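Engineer: Structure, please.
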Amino acid sequence: MERTFEQTVSDLRMLLRDQPPSTTADVADGAVLYLAGNELRGVFLNADEPDGLDQPFAVDQWFVGQLEENLEDWFHQPRFTLRPSLQTWALDAPPAEPAD
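Structural biologist: Numbers count the residues shown, from 1 in each chain. Predicted structure coming up:
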């Protein structure tokens, strides 16, 4: 059965809620997802600093569609990373811009 966008976001939220604060769901080599309250947000990783957080992005239907295969694999074998710097970074992060 194919997952809808709403199911995907809901399942990601549920799985992240079970993790310690400042944990990311590592859904792609250069992009991770995290919870801010109950809102699912994304951030690209800094290419120069593998664990460095770079630009935020909106977790929207376009993004989920682009990573459909990655997400399918991720749900079969979820990967999380505890990123202590996430909380501080999120306070200073520029606003996420939705995809065009």
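
Engineer: what residue lies at the spatial centre of this protein?
Structural biologist: residue 33 (1.0 Å; C-alpha atoms, centre = their mean).

Engineer: Who are the contact partners of that one?
Structural biologist: 12, 16, 24-25, 27, 40-43, 59 (C-beta atoms under 8 Å, 6 or more residues apart in numbering). (C-beta placed from N, C-alpha, C; glycine too.)

Engineer: The residues you listed in strands, which ones?
Structural biologist: Per DSSP state E, strands hold the following members of the contacts of residue 33: 24-25, 27, 40-43.

Engineer: Of these, which is the nearest to residue 7?
Structural biologist: Here the nearest of the ones in strands among the contacts of residue 33 to residue 7, counting by C-beta to C-beta, is residue 40; it sits at 12.6 Å.

Engineer: looking at it, that closest one is touching residue 9, isn't it?
Structural biologist: Yes: counting by C-beta atoms under 8 Å, residue 9 is a contact partner of residue 40 at 5.5 Å.

Engineer: any common contacting residues for these two?
Structural biologist: In contact with both residue 40 and residue 9: residue 59, using C-beta under 8 Å, 6+ apart.

Engineer: any idea how far the lengthiest helix in the chain is from the chain center?
Structural biologist: Of all segments of type helix in the chain, defined using DSSP state H, the longest is helix 5-17. Per C-alpha atoms, centre = their mean, to the nearest Å, the displacement of helix 5-17 from the mean C-alpha position of its chain is 10 Å.

Engineer: again with stretch 23-31
Structural biologist: On the basis of C-alpha atoms, centre = their mean, stretch 23-31 sits 6 Å off its chain's mean C-alpha point.
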